[in-house]
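In: Structural data only, the sequence is not supplied:
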């Protein structure tokens with residue numbers, strides 16, 4: 001029986017990978033290792049963030065040695081849920097379901113426009129805190145009501161429905 005569950009999960013993840021590669025918006029509903037259920041997501045995220053906190057920022061990084069914002073998002077979702085997200089902030093901003101600032105919950109992606117062409121992404125830990133990378137602090141937790149982030153807030157997307 002466990003082997004059957006493995007094949008079903010493998011099949012579902014394969015389909016999701018194909019859909020993501022086509023660039024269409026996807027709503028992910030998956031209970032992988034019991035961690036990607038809405039009720040457990042906040043705690044699972046907090047546990048995952050502990051591993052990453054303070055990791056230095058570097059453009060293109062995706063490891064515990066150094067990481068950029070979209071790499072952090074990609075690796076956390078992959079590690080926690082087995083969900084493979086696109087590599088760049090631009091592509092991550094295209095997936096999921098749009099949610100308003102007032103509806104944010106743990107696991108939602110928050111996007112910012114801090115410059116004309118520059119984009120930034122983080123993951124909500126709750127309705128007002130998010131984890132992301134900072135050039136000066138590395139992986140850190142910030143508040144959405146901070147004047148800087150409030151000014152540059154762009155949009156939010158829900159990946160786990």
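Out: Looks like it arrived, so ask away. Fair warning: this is a prediction, and the values are worked out from it, not measured in the lab.
In: Leaving out sequence neighbours, find the closest residue to the residue most central in space within the chain.
Out: Most central in the chain under C-alpha atoms, centre = their mean is residue 73, positioned 3.8 Å from the mean C-alpha point. Distance criterion C-beta to C-beta, 6 or more residues apart in numbering; nearest residue to residue 73, sequence neighbours excluded, is residue 121 at 5.4 Å. All C-beta spots, glycine's among them, are computed from the backbone N, C-alpha and C.
In: I'd say that neighbour and residue 88 touch.
Out: No - Residue 121 is beyond contact range of residue 88, at 9.2 Å (criterion: C-beta atoms under 8 Å).
In: any shared contact partners between those two?
Out: Contact with both residue 121 and residue 88 is made by residues residue 70, according to C-beta atoms under 8 Å, 6 or more residues apart in numbering.
In: Which residue of those two possesses the greater neighbour count?
Out: A count of neighbours by other C-beta atoms under 10 Å puts residue 121 above the other of residue 121 and residue 88, at 26 against 16.
In: What residues are bridge-paired with that one?
Out: residue 111 (DSSP bridges).
In: Pull the contacting residues for it.
Out: By C-beta under 8 Å, 6+ apart, the contact set of residue 121 is 69, 70, 73, 89, 92, 93, 109, 110, 111, 112, 132.
In: wouldn't residue 112 be in contact with residue 150 here?
Out: No - contact between residue 112 and residue 150 fails when scored by C-beta under 8 Å: they sit 9.8 Å apart.
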